[in-house]
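Engineer: Following is a predicted model, sequence given first.
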Amino acid sequence: MDYSAEMLKLGDLLFGLFSEALGLDPAHLKEMGCSEGLGIASHYYPACPQPDLTLGIARHSDLGFVTVLLQDHVGGLQVFRRDRWVDFPPTPGALVVNVGDMFQVSFSDFVHLISNDKFKSVEHRALVRSVGPRVSVAAFFGNEGLSTSRIYEPIKELLSEDDPPKYHGITVRDFFFRSFQKGIDSSSILSRLKR
Ligand SMILES: O=C(O)CCC(=O)C(=O)O
Ligand SMILES: [Fe+2]
């Protein structure tokens, strides 16, 4: 409960900063409901005797607006960048966002969509290790439980004649539904919402 409450505060702060980074009013993304629908998933990856034969979590990008991930010291998270998998090693005490031990923020498919490609969602996966267990805690903003009929589409203020909308709008619920139909480890549903 405490963790969720702190995450909600962090969410307000982050979405304020992301709004400003997009050149929008600081309250813009919060007013769109982006900091709502918090879902928290805790992962437990046991030590694996043959880590080369499996994965902790397969390649994917997160679906909601933003994910804040807390990971322990074991490591295993990888991010897909410039056509290769890059380790995202835990740095004890390092603050990527100014809270807790080791936080990192990844943009999810929905922020990708509403920002019209200005923020890009990041594909990632987690390996397993022969040492462990490894524990991580992912806080997802814009979780499937966000039951609103609101259609999320590229933000009008970010569009121009030279920068037309790249995606069709969709509700959070439909977005999750269609993504779960396709399963993890296949191309993002964003490609199917392209105009
Ligand atoms: O455990 C990790 O490092 C990644 C977890 C993750 O990607 C997720 O929960 O979406
Ligand atoms: Fe993820």
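Structural biologist: Nice, I can see it. Numbering: from 1, shown residues only. Ligands and ions are numbered 1, 2, ... in the order given.

Engineer: Regarding stretch 136-155, how distant is the last residue from the first?
Structural biologist: 32 Å (C-alpha to C-alpha, to the nearest Å).

Engineer: Identify all contacting residues around stretch 116-124.
Structural biologist: Residues outside stretch 116-124 that contact it (C-beta atoms under 8 Å, 6 or more residues apart in numbering): 18, 22, 59-62, 77-81, 88, 106-109, 111-112, 154-155, 158-159, 163, 165-167, 188, 190. Where you see a C-beta, it was placed from the backbone N, CA and C, and this is true even at glycine.

Engineer: for stretch 177-195, that is, sorry about that
Structural biologist: Contacting residues not belonging to stretch 177-195 are listed as 57-61, 63, 109, 112-113, 121, 144, 164-168, 170, 175 [C-beta under 8 Å, 6+ apart].

Engineer: So is that stretch next to ligand 1?
Structural biologist: No: judged by C-beta under 6 Å from any ligand atom, stretch 177-195 makes no contact with ligand 1; its nearest approach is 9.3 Å.

Engineer: Name the residues of that stretch that come out as buried.
Structural biologist: 179, 188-190, 193 (16 or more other C-beta atoms under 10 Å).

Engineer: Least confident of the residues you listed?
Structural biologist: When the buried residues of stretch 177-195 are sorted by pLDDT, the bottom entry is Ser188 at 71.

Engineer: Tell me the spacing between that residue and ligand 1.
Structural biologist: 13 Å (C-beta to the nearest ligand atom, to the nearest Å).

Engineer: hmm, back to that, with secondary structure added, can I get the buried residues of stretch 177-195 in TSV?
Structural biologist: Formatted as TSV, the buried residues of stretch 177-195 follow (DSSP: H, G, I helix; E, B strand; the rest coil):
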residue	secondary structure
Ser179	helix
Ser188	coil
Ile189	helix
Leu190	helix
Leu193	helix
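
Engineer: Name the surrounding residues that touch the lengthiest helix in the chain.
Structural biologist: The residue-count maximum for a helix in the chain (DSSP state H) belongs to helix 2-21. With C-beta under 8 Å, 6+ apart as the test, helix 2-21 has contacts from 25-30, 34-35, 38, 40, 65-66, 68, 97, 99, 105, 111, 119, 137, 139, 141.

Engineer: Now, of these, which are buried?
Structural biologist: Applying 16+ other C-beta under 10 Å to the contacts of helix 2-21, the neighbour count classes 28-30, 34-35, 38, 65-66, 68, 105, 111, 119, 137, 139, 141 as buried.
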